[in-house]
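# Sequence and computational prediction follow.
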There are 6 protein chains.
Amino acid sequence: MTDPISAFPVPALDTLPEDIRARILVVQEKSGFIPNVFLALAWRPEEFRAFIAYHDALMNRREGLTAAEREMIVLAVSIANQCQYCVVAHGAILRVRAKDPAISELLAANWRKAPISARQKTMLEYATKVSTASHLVSASDRQAVLDAGFTQDELWDIGAVAAFFDMSNRLANAMDLKPNPEFQAIGR
Amino acid sequence: MTDPISAFPVPALDTLPEDIRARILVVQEKSGFIPNVFLALAWRPEEFRAFIAYHDALMNRREGLTAAEREMIVLAVSIANQCQYCVVAHGAILRVRAKDPAISELLAANWRKAPISARQKTMLEYATKVSTASHLVSASDRQAVLDAGFTQDELWDIGAVAAFFDMSNRLANAMDLKPNPEFQAIGR
Amino acid sequence: MTDPISAFPVPALDTLPEDIRARILVVQEKSGFIPNVFLALAWRPEEFRAFIAYHDALMNRREGLTAAEREMIVLAVSIANQCQYCVVAHGAILRVRAKDPAISELLAANWRKAPISARQKTMLEYATKVSTASHLVSASDRQAVLDAGFTQDELWDIGAVAAFFDMSNRLANAMDLKPNPEFQAIGR
Amino acid sequence: MTDPISAFPVPALDTLPEDIRARILVVQEKSGFIPNVFLALAWRPEEFRAFIAYHDALMNRREGLTAAEREMIVLAVSIANQCQYCVVAHGAILRVRAKDPAISELLAANWRKAPISARQKTMLEYATKVSTASHLVSASDRQAVLDAGFTQDELWDIGAVAAFFDMSNRLANAMDLKPNPEFQAIGR
Amino acid sequence: MTDPISAFPVPALDTLPEDIRARILVVQEKSGFIPNVFLALAWRPEEFRAFIAYHDALMNRREGLTAAEREMIVLAVSIANQCQYCVVAHGAILRVRAKDPAISELLAANWRKAPISARQKTMLEYATKVSTASHLVSASDRQAVLDAGFTQDELWDIGAVAAFFDMSNRLANAMDLKPNPEFQAIGR
Amino acid sequence: MTDPISAFPVPALDTLPEDIRARILVVQEKSGFIPNVFLALAWRPEEFRAFIAYHDALMNRREGLTAAEREMIVLAVSIANQCQYCVVAHGAILRVRAKDPAISELLAANWRKAPISARQKTMLEYATKVSTASHLVSASDRQAVLDAGFTQDELWDIGAVAAFFDMSNRLANAMDLKPNPEFQAIGR
């Protein structure tokens, strides 16, 4: 017998509303397994739909920040919040997106010393401030990001991705969400 | 000339997609004004839709936690994050929901000394832990909430409302969202 | 039956030394009620006299900082210390002094985004440093205040008002001092 | 030439109001020198009078807490606030009051390991909470002090002495008050 | 051209004192590469010898704590200190010692949720307190470790390993020590 | 009967390995007493030898930083870590090395206001950052030290002494090491 994946009830796939089941099957098809967050969130169908829609709006955008850059933000925020699920899951995605098996561990250990560009460090500096001291974010913080070459749209995305995962990390920590073992080998 | 309500572009109402405009007009109808968060978020239509759907799923539920209790959580989280917009806007809503013109200021100043029940203080203790140290949330924290008489569904809601506003607060702080002056007089 | 206003004994007005009673009656005459801090402190007559004398020396001065500016400092310090009594009482006074029903809530939520001048933000930046990290206050911090156009006397007052309410906030929190309901409506 | 004792103007003794000068001469008579805090505060005569009256009401009381115990609180608070003047001056006084040349350094380094009674450690635990997290002080914190054998009057004094020196420490730090070299040898 | 492995001079292997070179060759023989910490520390031969002797005394002991348990402590301390080198290098060693390719990432992300025993969590709780708040370590903290079944020798080792890596982490961070890419694949 | 000097077993001098006993006798000869750290660490002979070798490599160097400067770093780090033993013992040594009976208390209370040179304050600023936030140490922090006139060797030493005492402080706190009363009078 194994540990439950969440401290809250986890529905069986075939009991889920059709749209949610369909969405999960697409992921399973693509990944080869169902990441636990999908089933764990699905016990609240309305929240599931909003969460996924929000996630996709921020993470699937293909203008501006690259897919790898979005994952860097997720990982920097998630390790600071000590969200085990997100560190493991998005560490795997970042390895794939960046085509670099070492990047996630280096970035999680200390993003200031990770093998990323100075521009990307400015991005993570801002994301970290939004995540840990948003009440102090000022016009000059936003300007520093623009000065590093980011557009206004990218500036928004950096803050929004950070804020979204500040929520996700807390949800995952509050439900004690377990990462799937399958993530471990991805992108190594 | 007045300060802009956001550091990012704010669309005119009549340029918005029909569904978003319709949603905003309903709020305007009910409140007598358009809360700034609606226009400020609407520059990103997809995120707007997901944000509102998520918000409504958590805040419009009418089983379990009362509407006032949900607003207590929002206010306790928002004052800790120093989100001016959310403190002002949800302070107004809490005054209305609790039918108490003094409650919001007392709760924002120090919820531990607010005129609320011991059960509600347990609720805010848990919400505060999810908001400020979610990596330390354990089975015994969840049990303490259940022991205070909350159901498992309510336990989820407490954490989820806290987490959602940890995101909202950061978004509002990152965009420097200004609260509407109209909130000030509501529920006094 | 209502909650006691303090965790310590509260003397009846007519049992107090004549000078203290006289002082309290003046306040009652002017305000229409006796703010709880007066009765709660009066169980220690000597400390009451020193506290009031100190308070008046700092808060009733009419050169330099305006009455509203002094209250801004009090509010910024008191919300950071989560002193419910001082946030409520001095929030009311600031609304009156600034002739602005919205100012106190905006300033308490996040003074960095309050509708005050850049000069006043420099004032609150220094007050906040004195309140939260006085061991790091240096000549350059003092110079920044002078450079914003404050005199040396005003510089002293900013620090002294902050320090005095760092004491008051702790006294009020340690005695669990309850704010009078009458404050709520003042200056709205 | 030596460093000034304060970043603010320091009046010459013979320019001071008669009552303040008299008070200072008494101290000089007793100590053999004028502790810098007296001259530095005297540039603000009204505040000087209130400060001294408050200080004496709390520190010269001879019921309840002993003189040494009051100084222990001062030292524990002052080292946490990194107030150099108060650590040096009150370290000297504590050595005298406790008739122990080693106590002040041991207590300043870590009061939890100082050679004092368990009851006195409960006293300093409460003083530390009032000083560093007064918004969390609750009825059970007060009860713990009473349970250790302190009276209600002593409980008040512990909190009030801590709060008063939280003010004094900030004043001294904001004015960059220099300790007199004479303190060094006292009580060794 | 690649980044230097340290912000300080790094000696060539053949310029090193014989004993140090011999020690390094043994590691190279065993690991297939020279971990950067060896060359980076070797510019200070005396410190190198003391560091290695200390490390071996703590990490090569084979009574009491297992090799994997020692590495768990190292990893928990190192991720909190954000020491990239130690997280990467000791993450690799822990994977080998625990014969578990997933353990290091799970433990680094949040050791409280790692797949280790309750006894091992008590071990890491104590190590974390020694690392982050050693001034608060008390007899009851030590007793909690003994109560979990550890011997007095093991209790010492837990604290000593934590303390040693609090030093190592700071040294590595201060010299900007780069982890070898070879660590990445070890134990996966 | 007196308090034990450590929470762990303390060996009798004549039971110790010859080299350790010899080393301790030299100290006793020079100081007139045996500092408790020697006996307390000696229950672990291997760790004792490595600790002393490391200590001597860093603290007995006579190029670069003066002996007094090395002790300033130790004291600044040790008071922040609230290590009673190190504050007392190294406070005594600093008084001797600096030939100044007042320096240690002034520096421990707030090194930013101690009577040391601006160059030495830069040294302690860097040591404090290594001690409290080494993950943020960057090339510009190192450059600031070099710009103050320190050599690269001295830069290393500042960080290494800080790091070594971050370890020592934690060891002493974890074993509840008591300072010898003899330190009190040294160098006054």
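Here it is on my side, so go on.

# C-alpha from now on. contacts and neighbour counts both.
Will do.

# Spell out which parts of chain A neighbour chain B.
Within chain A, the residues that sit near chain B (CA under 8 Å from any CA of the partner chain) are A:8, A:46-47, A:50-51, A:53-54, A:57-58, A:81-83, A:130-131, A:133-135, A:137-138, A:152, A:156, A:159-160, A:163-171, A:173-176.

# now those: which count as buried?
For the residues of chain A next to chain B, a neighbour count by 16 or more other CA atoms under 10 Å in any protein chain shown gives the buried set as A:8, A:46-47, A:50-51, A:53-54, A:57-58, A:81-83, A:130-131, A:134-135, A:137-138, A:152, A:156, A:159-160, A:163-171, A:173-176.

# got the contact list for the closest residue to A:Ser6 other than its chain neighbours?
Nearest residue to A:Ser6, sequence neighbours excluded (CA to CA, 6 or more residues apart in numbering or on different chains): A:Leu177, at 4.8 Å. Neighbour list for A:Leu177: A:Ile5, A:Ser6, A:Ala7, A:Asn36, A:Val37, A:Ala40, A:Tyr85 [criterion: CA atoms under 8 Å, 6 or more residues apart in numbering or on different chains].

# farthest-separated two in these?
Greatest spacing in the contacts of A:Leu177, by CA to CA: A:Ala7 and A:Tyr85 (13.6 Å).

# Just want to know which of those two has more residues nearby.
A:Tyr85 (28 against 20; other CA atoms under 10 Å in any protein chain shown).

# In which helix or strand does the residue nearest to A:Ser6 reside?
Remark: A:Leu177 resides in no helix or strand, with elements defined by DSSP states H and E.

# same for the helix or strand harbouring A:Ala22, what does it pack against?
Taking DSSP H and E as the criterion, A:Ala22 maps to helix A:18-31. Applying 3 or more CA pairs under 8 Å, 6 or more residues apart in numbering or on different chains; DSSP states H and E, we find helix A:18-31 packed against helix A:45-59.

# domain assignment for chain A?
For chain A, automatic domain parsing gives the domain ranges A:14-59, A:67-174.

# and those, which is most packed in?
Of the domains of chain A, the one with the most neighbours on average (mean count of other CA atoms under 10 Å in any protein chain shown) is domain A:67-174, at a mean of 22.

# could you pull out the strands for chain A?
Using DSSP state E, chain A contains no strands.

# and the most centrally placed residue in it, how far is that from chain F?
Per CA atoms, centre = their mean, the C-alpha nearest to the average position across chain A is that of A:Val74, at 4.2 Å. Applying CA to the nearest CA, to the nearest Å, the value for A:Val74 to chain F is 19 Å.

# now do A:Ala114
In this view, A:Ala114 and chain F are 12 Å apart by CA to the nearest CA.

# Verify the stated contact: that residue with A:Leu106.
Yes: using CA atoms under 8 Å, A:Ala114 is in contact with A:Leu106, at 5.5 Å.

# For chain A, which residues are neighbours of chain E?
Contact residues, chain A versus chain E (CA under 8 Å from any CA): A:79, A:82-84, A:87-88, A:101-102, A:105-106, A:109-110, A:113, A:176, A:181, A:184-185, A:188.

# who's in contact with whichever residue of chain A sits closest to chain F?
Residue of chain A nearest chain F, by CA to the nearest CA: A:Asn110 (7.2 Å). Counting by CA under 8 Å, 6+ apart, A:Asn110 makes contact with E:Gln82, E:Cys83, E:Gln84, F:His135.

# ok, which pair from those is furthest apart?
E:Gln84 and F:His135 (8.7 Å).

# tell me, what's touching the two both at once?
A:Asn110, E:Asn173.

# I'd guessed A:His90 sits against A:Leu75; true?
Yes: taking CA under 8 Å as the definition, A:His90 is a contact partner of A:Leu75 at 6.3 Å.

# hmm, back to that, closest one of the contacts of A:Asn110 to chain C?
Among the contacts of A:Asn110, and counting by CA to the nearest CA, the member closest to chain C is F:His135, at 21.2 Å.

# Let me see the contact set for the closest one.
A:Asn110, E:Asn81, E:Gln82, E:Cys83, E:Arg170, E:Asn173.

# change it to 10 Å
F:His135 makes contact with A:109-113, E:80-84, E:169-170, E:172-174, E:176, F:129, according to CA atoms under 10 Å, 6 or more residues apart in numbering or on different chains.

# And A:Arg70, by the same measure?
So A:Arg70 contacts A:58-61, A:64, A:90, A:94, A:97, A:123, A:157-158, A:161-162 (CA under 10 Å, 6+ apart).

# Which ones, among these, also lie beside chain F?
For chain F, no contacts are drawn from the contacts of A:Arg70 by CA under 10 Å from any CA of the partner chain.

# tilt between the longest helix anywhere in chain A and helix B:45-59?
The longest helix of chain A (DSSP state H) is helix A:152-175. Helix A:152-175 runs at 30 degrees relative to helix B:45-59, counting by axes from the mean of the first three to the mean of the last three CA atoms, to 10 degrees.

# Convert the C-alpha atoms of helix A:152-175 to CSV, please.
In CSV, the C-alpha atoms belonging to helix A:152-175 read as follows (Å, rounded to 0.1, in the frame of the first residue of the first chain):
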residue,chain,number,x,y,z
GLN,A,152,5.8,45.3,-21.0
ASP,A,153,4.0,42.1,-21.8
GLU,A,154,6.9,40.0,-20.7
LEU,A,155,7.1,42.1,-17.5
TRP,A,156,3.5,41.2,-16.7
ASP,A,157,4.1,37.6,-17.5
ILE,A,158,7.0,37.3,-15.1
GLY,A,159,5.0,38.7,-12.2
ALA,A,160,1.9,36.7,-13.2
VAL,A,161,3.7,33.4,-13.5
ALA,A,162,5.3,34.0,-10.1
ALA,A,163,2.0,34.9,-8.5
PHE,A,164,0.2,32.0,-10.0
PHE,A,165,2.7,29.5,-8.6
ASP,A,166,2.7,31.2,-5.2
MET,A,167,-0.9,30.1,-5.2
SER,A,168,-0.2,26.6,-6.7
ASN,A,169,2.6,26.0,-4.2
ARG,A,170,0.4,26.8,-1.3
LEU,A,171,-2.4,24.6,-2.6
ALA,A,172,0.0,21.7,-3.1
ASN,A,173,1.6,22.2,0.3
ALA,A,174,-1.9,22.5,2.0
MET,A,175,-3.0,19.2,0.5
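
# can you tell me the residue of chain A closest to chain D?
Using CA to the nearest CA, A:Ala133 is the residue of chain A that sits closest to chain D, at 19.7 Å.

# Contacts only, for the residue nearest to that residue when sequence neighbours are not counted.
Using CA to CA, 6+ apart and skipping residues adjacent in sequence, the residue nearest A:Ala133 is B:Asn81, 7.8 Å away. Contact analysis of B:Asn81 by CA under 10 Å, 6+ apart lists A:132-136, B:75, B:87, B:131-132, B:165-166, B:169-170, B:173, C:109-110.

# Next, work out how far apart B:Asn81 and chain E are.
B:Asn81 is 23 Å from chain E, by CA to the nearest CA.

# One more: A:Leu75?
Distance from A:Leu75 to chain E, by CA to the nearest CA: 10 Å.

# A:Trp111 is in contact with that residue, correct?
Yes: at 9.2 Å, A:Leu75 counts as touching A:Trp111 under the criterion of CA atoms under 10 Å.

# Between those two, which contacts overlap?
The contact sets of A:Leu75 and A:Trp111 overlap at A:Ser104, A:Glu105, A:Leu124 (CA under 10 Å, 6+ apart).

# Out of those, the closest to chain B would be?
A:Leu124 (14.2 Å).

# Which residue is the nearest non-sequential neighbour of the closest one?
Excluding the flanking residues, the one nearest A:Leu124 by CA to CA, 6+ apart is A:Ile73, at 6.2 Å.
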